[in-house]
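Peer 1: Test case, fold it:
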Amino acid sequence: MEALYGEPADLRVSPGKTGMQFKVVLPKTGSGGVHLMAIFAYDIALSEDLASDDRGPGFLIHDSAIFADVDERQTARAIEIAASSATEYGYQHILTANSDHVPWNEFADRAIFDDAIVLRLHDGDAAGSILGQRLHFSIAPDEV
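Peer 2: Numbers count the residues shown, from 1 in each chain. As a prediction, this is how the structure comes out:
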């Protein structure tokens, strides 16, 4: 969170009537994007912890929905943080995103994103689909 917003988040743990109580205090609260980035930061921290002990699946998957309501600068920075973390800790970060939602102009070095693309899908022809197949369905009027 500090790398994204310049302020750390605080995790406060205290005893409660039903067990331990956890409270997260985020910088710049009130924004839906900040809450999404808190989830993102938690995912990264957990992946780093697991990978450092050779535990866990060895990968972390995010869909572009994690960046909904997050401005382009923070989105690009989060992608850079994930790439750096995955390299340093030896896990794979998988991100699915539509190319029109990638903040191309906000990356410090666009190669961090371009060089990591493994698969580009498109709907222009069968070559751009998964396994080179296009599925067509038709429903008879009496089945509707």
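
Peer 1: so who does Ile79 touch?
Peer 2: By C-beta atoms under 8 Å, 6 or more residues apart in numbering, the contact list for Ile79 reads Leu95, Phe107, Ile112, Phe113. Bear in mind the C-beta positions are built from the backbone N, C-alpha and C, glycine included.

Peer 1: out of everything not next to it in sequence, what's closest to Ile112?
Peer 2: Counting by C-beta to C-beta, 6 or more residues apart in numbering, Ile112 lies nearest to Ala83, which is 5.2 Å off, once chain neighbours are set aside.

Peer 1: downstream neighbour of the helix or strand encompassing that neighbour in the secondary structure list?
Peer 2: Ala83 is located in helix 72-89, with elements delineated by DSSP states H and E. From helix 72-89 onward toward the C-terminus, using DSSP H and E, the following helix or strand is strand 92-96.

Peer 1: Which residues does that next one contact?
Peer 2: 47, 58-64, 79, 82-83, 85-86.
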